[in-house]
Each structure stands twice: as C-alpha cells, then as structure tokens.
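**Student:** Predicted model, plus sequence, below.
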Amino acid sequence: MDGSRKSSCGDSHTMSNICVLSVRRALVIGTLIATCAIATPLFSQHEVMVERSLNSVVKVLPFDYSGHGSGFVVSPTKIVTNAHVVSGGMSLGYMVQTRDGQRDVVIDIDYHPSSDIAVLTVGNPVSATPLKLVADRPLQSAEVFVLGHPFAFDWSVTRGVVSADRDDLLQIDAAMNGGNSGGPVLNKQGSVIGVSVLKVTHDMNNSRLDGLGFCVPADVVCSFLESLSVDACFAYVDVPSIRTSAQCDSLQEVYREVNLAKQKLAEDRARFEANRRDAGTLVQRADSIRASLKILTNEMQQQSAELEEQRREVEKKRQELRFLEEEIKGKRSIAYTPRFTPELLAGLGYIGIVEPSRGDALGVRGEACLSYRFGSRTSSPDRFGVYGGVHWYERLDVKTTAQQPTLDVGVLLDIDEIVRLQIGIGQNDDRQVGHPNYIFAAATAWVTDGTFPVGFRLHALSYNDRSMFKYGISCIVGLRADVLRW
C-alpha cells in the first residue's frame, strides 16, 4: 500500500467517529473490496475535529429572547460561558440550546466576575460530548479555531492564530463578533485553550482596527472549574494523528466498527429524543407561564383603565354634588302669607274682646305677615317673620257706635305650622283714652291645615301710660298662600 495515502480508520476512542465517517462514504460509492486499500479521506483531521466540537457548543438564551451568547459543555450538566452573557441572573432566567435543537432550563449560575466567566447548571444531562480544556498556554502563532453564534449565524467557525499572550487574556486574530461571547477557542487537537470574551474595533482616535480579538485563557477557567469540583481540564499531551490504511487489518474489522457505530448512534438518538421531549415539555411550560403572565398583565392594565374611568366618574359626581349643595344653600323660601279674620271673608264670625275694667267689646281684625322658612324648603315647616295688623272693635258698654281702629306691628314664629307666637307694639285711636301705645302678644293654635286653616287665638294688650291690661280669646279663620319664593 501507498504509505502517503491516509485512512480515517482508528482504534482510539477519540478518533473512532472519523474512521466511521470515511468508511461509510466508501461503502456508499460501492467500493467493496477485500482489503483495506481505502481511498484518501474526504475530510481532513482538522475539519472532522471542528465538526465534532461544534456539537458541544450551545446557544445561551434568556427567557425574554432579548439577546444570546455562546457556551460549551464541560460535563453532562455544566456549561461554560461569559459572565456578561448571563448578567441578568436567575431573576431573568436562561436556557441553553444544543445543535440538535434540544433545550434545557438553567437552574443555577456560578460567577467568576474578575475573569468574566460563568458556569451554568442545567436540569437534565446534555447529550453532547464535553470538551476538554488544556491548562497550558499555547505558543505564539499557534493555529486556533473560534466557535460560536455571531449575530444570527449560529454554529459558525472562524480560524486564526495566537497573536500574543497578554497575561490575563490571549490575543488572537480570528474573526469575532457579537454572539461569539462565551464560545470555545480550540487548538488543532480540539482542546479548549480559551473562552471568547471581547474584540477591539476602534482606537482612541476612532480609527477602525481589525484582528484584535481576546479570549480568557483556559488555565484561568480551569482554576474556577476546580473550585466547583468540575473535572474538565488536563495538561497538554499530543493527540495521535489519524491512522493510515496500513493499520486496518481487514474489511470485516471495518464492518464491525460500522455496526458498533450504528448501534451507538441509535442509542445516542434515543437519548436525544428523550431529552428533546423533556426540553420541549419545559419550553411549553415556560411558554404557558409566559402567556399566562401576558394575559394577567393585560387584565391588570384593563382593570387599571376601568378603575381610572370609575375614579373620574366618581370625581365628576362629587363635583356635581358640590354644585347641587351650593345651589341648595342658595335657594331659600320666602313666603308672603296673608291671614284674614272672618269679617274680611264675607263677615263670618266675631272676635270677642274682654275688658275686665271697661266691659266687653266685639270687633274684627285683619293681619298680614311675611315669614321665612328655616332649613330646607321641604324638610322644615318652621317660619320666622314679621307681621302687621289692624282691628276695629265696638264697645258694648258705651252707647256710641263709633269704630275704634287699632294698629300694631311685630314679629312672629310659626312652630310646625300648628302654633303661632306673636309679639309687637301698637297704637290705639280711642278718643276716650287718648293715644296710648301698647304692647301686644298673641298665641294661635291651628285646628285644621290647608289653604283656609281654622284655629283659636289668645291675645293680651298692656298700655304703657295707663297701666291698663286687656286680654281676649277668639276664633279665627285664615287664608294661607305662599306668594313669593326663591
């Protein structure tokens, strides 16, 4: 066999997948031979290594899908990424997505702020093969590969070299962009030599710069992983190259390796499906919770709007009530209530006046009043006002028939429209007694109500200059009419 032609077959665990890939392609094209003279592999060792390592790269997403970053698997439940990728903490919530679409929720985050490194813990084991970190620093100009998710271009690869060792950071010239943060930087053997963290695009004069990317060295990450009891690091050892075709003994050995690979692939696929279902359930629960929160938020906003509308309506009613109260306060009733004696009302009835010292007399009286109602026009019948009266009487013990007019004015108080109290002063034109002034007081009790009330009246007069006292009782019929109101 030609020793310069290489085969993808291998007997080590790390290179078995490469062997299976090349053999399957040879079987597809129908090259069934009885020897191990297999054609030159279609893919180089580096290409196969990168393809295999991409399966261990994950996408880190917050629950609100506000951005994303990269990460890589270091154990079945541990993911390494940048601290700034998950700066929102557990209060925001994060999940990881593998290349085959599996998703799982992050249940814990350990931070190493000084190096911008974070280790995520997921609820279910990730099916991808963990990557190993090499604790030794790479040499300057060593070839490196940057894996991650720049912008919307998921599971991308760029190539470069180590430009310089800057103590806390490794400088590389491979292309890096937003979304690469937290992704692995691999050497040619597929080991992680750093974690992508940042790139410099402009200098102090705002001049554009290219090829200035930086990653956190693997030895710094290893120190943090050891403190968390995560075994993912090793000292540098060279990985053996892919074996040549001369190392394959027979086609039967190739068939055996293919069958073993198929069996392992079926087992892996079964695990992938189980994990995908579990992840799908968790994502559905998260989506359901998110939808419920959105519904509750909309309901709260709607209730807030309704409460605000009700508050404005209550304020409007209060304003209307204040206007109404002011209007009620401004409205009062003033009633002009004339009351007339029976003589004025077709001459029915008499008023009997008893004079203990002078004898009896008969007469009539006319009276008018202007009163003001207390309180509300509808709730209180009490009134307070003024009155004016005039009466004539005929002396029974004197032979003359001359009428003697008497005038008086004063104040009155109506209590519950049943009792009226009056007090005032007056003047008598009786020629026999001169022109004396007197004080007048009366109390009227109404027996009936309505427009023409009927009642009884007790009155008394006291003359100032003669020291004469008169009193009397009479029946009175009145006319009640409110003629003025506001």
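**Tutor:** Yep, it's here. Residues are numbered from 1 along each chain as shown.

**Student:** got the phi/psi numbers for Glu417?
**Tutor:** phi 60, psi 20 (degrees, to the nearest 10).

**Student:** where are the low-confidence patches of the chain?
**Tutor:** The model of the chain has pLDDT under 70 over residues 1-42, 235-255, 329-363, 373-381, 392-404, 429-436, 464-468, 480-486.

**Student:** check contacts around Gly71.
**Tutor:** 57-60, 79-81, 85, 96, 120, 182-183 (C-beta atoms under 8 Å, 6 or more residues apart in numbering). For every residue, glycine as well, the C-beta is placed using N, CA and C.

**Student:** Skipping adjacent residues, who's closest to it in space?
**Tutor:** Nearest residue to Gly71 in three dimensions, chain neighbours excluded: Thr81, at 3.6 Å (C-beta to C-beta, 6 or more residues apart in numbering).

**Student:** Can you tell me the element the one you found falls in?
**Tutor:** strand 78-82 (DSSP states H and E).

**Student:** From the contact counts, what lies against that strand?
**Tutor:** Applying 3 or more C-beta pairs under 8 Å, 6 or more residues apart in numbering; DSSP states H and E, we find strand 78-82 packed against strand 57-62, strand 69-75, strand 117-122, strand 192-199, helix 218-227.

**Student:** Compute the inter-axis angle for that strand and strand 192-199.
**Tutor:** Angle between the axes of strand 78-82 and strand 192-199 is 40 degrees (criterion: axes from the mean of the first three to the mean of the last three C-alpha atoms, to 10 degrees).

**Student:** List the neighbours of strand 78-82 that are in contact with it.
**Tutor:** Contacts of strand 78-82 (C-beta under 8 Å, 6+ apart): 58, 60, 69-74, 96, 106, 116-122, 126, 181-182, 184, 195-197, 221, 225, 228, 230, 232.

**Student:** which among those end up buried?
**Tutor:** 58, 60, 69-74, 96, 106, 116-120, 122, 126, 181-182, 184, 195-197, 221, 225, 230, 232 (16 or more other C-beta atoms under 10 Å).

**Student:** From the recorded domain assignment, give the ranges for the protein.
**Tutor:** 46-241, 334-477 (automatic domain parsing).

**Student:** Please produce TSV containing the helices and strands packed on strand 78-82, extended by distance to Ala274.
**Tutor:** TSV is the format used below for the helices and strands packed on strand 78-82 (distance: least, C-beta to C-beta, whole Å):
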stretch	distance to Ala274
strand 57-62	18
strand 69-75	17
strand 117-122	15
strand 192-199	28
helix 218-227	27
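
**Student:** Of those, give the one that comes closest to Ala152.
**Tutor:** For the helices and strands packed on strand 78-82, proximity to Ala152 was assessed by C-beta to C-beta; strand 57-62 is nearest, at 11.1 Å.

**Student:** Please, where are all the strands along the stretch 151-300 of the chain?
**Tutor:** 156-166, 169-172, 184-186, 192-199, 213-217, 233-234 (DSSP state E, counting those that start in this stretch).

**Student:** Just the residues contacting the first one, thanks.
**Tutor:** This means strand 156-166. Taking C-beta under 8 Å, 6+ apart as the rule, strand 156-166 contacts 50, 54, 137-150, 170-176, 193, 211, 213-214, 217.

**Student:** could you redo the last one with a cut-off of 6 Å?
**Tutor:** 50, 137-138, 140-147, 150, 171-175 (C-beta atoms under 6 Å, 6 or more residues apart in numbering).
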